[in-house]
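> just to be clear, the model below is a prediction. Sequence and coordinates:
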Amino acid sequence: MSTNNNEENNHKNLIVKDDEYVWVYEFSLWKNPTVLITIAKIITLASLIVGVFMFVITAIDDISQALTVATNVFMFTLGIMSGLLLIAYPLYSIINKGKYIVVFEMNDKEIIHRQLETQFSKNQVVSLLTTVVGALAKNPTVSGANILSATKKAQKTIFTKVYKAVINEKRQVIYLNDLNGFNQIYVEPEDFTFVKEYIIKRCPSNTKIVYK
């Protein structure tokens, strides 16, 4: 592993694979609000964009009236989308059996977030990672139970392209923002400080770091 001694000091739940750290994280969709909060932020932003668009196209005639129209459109859109969220999120949680399981691969250059199908449990994934060498390597012939075949969604973040990192230790999550979007990194409490420092050290010096 090409890391210094400070980076080797604490990785209780992390699996060292070649030149990478790999770990599995599972949380309850009913108890942990992180996913719900993220979706709520997205629909709020989407509603705001619709409101701003309405303001722009109506401001030519009357700015005061345009502001009223934009506010009403924003509130209406947000209300509709919030209502849909209240229906969709419980359904999503039920379909996923109330849990969100992800595998993270982290090396000196990048971190990959893989959401897994719900037929896996955390213990099954950890067991597979520790017994099947290369299960997460880009090799489809490794195993019939290859983790890659169970991946529902994967998000990669290159550290040198990160312009903002939000650290929320209470919820055990690190948000990384780059021009391609954002990535959410979940870490067990025992490993949070190690992963946080590992990531920050590899981000550009002008990356904005926010603690919550």
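Right, received. Where do you want to start?

> make it CA atoms for all contacts and neighbour counts henceforth
OK.

> which helix runs longest in this structure?
Ranked by residue count, the top helix of the chain under DSSP state H comes out as helix 63-95.

> list the helices and strands it packs on?
For helix 63-95, the packing partners by 3 or more Cα pairs under 8 Å, 6 or more residues apart in numbering; DSSP states H and E come out as helix 34-58.

> for burial, what's the neighbour tally of residue 93?
Neighbours of residue 93 under the rule other Cα atoms under 10 Å: 15.

> which residues touch it?
29, 30, 99 (Cα atoms under 8 Å, 6 or more residues apart in numbering).

> flag the shaky bits of this protein, pLDDT-wise.
For the chain, the stretches flagged by pLDDT under 70 are 1-11, 117-152.

> find the nearest non-adjacent residue to the residue nearest in space to the middle of the chain, please.
By Cα atoms, centre = their mean, the chain has its centre lying nearest to residue 184, at 2.3 Å. Leaving aside its sequence neighbours, residue 184 sits nearest to residue 175 (Cα to Cα, 6 or more residues apart in numbering; 4.7 Å).

> tally of neighbours for that neighbour?
Per other Cα under 10 Å, the neighbour tally for residue 175 reads 16.

> what do you get for residue 113?
Neighbour count for residue 113, taken as other Cα under 10 Å: 21.

> identify the bridge partners of it.
residue 104, residue 155 (DSSP bridges).

> and it, what does it touch?
Counted by Cα under 8 Å, 6+ apart, residue 113 has contacts 102, 103, 104, 105, 154, 155, 156, 183, 184, 185.

> returning to that earlier point: which strand residues bridge the residue nearest to residue 184?
When bridges are called by DSSP bridges, residue 175 pairs up with residue 166, residue 184.

> right, and it touches residue 196 too?
No - contact criterion Cα atoms under 8 Å: residue 175 and residue 196 do not qualify, at 10.4 Å.

> what's the overlap in contacts for these two?
Listed as contacting both residue 175 and residue 196 by Cα under 8 Å, 6+ apart are residue 167.
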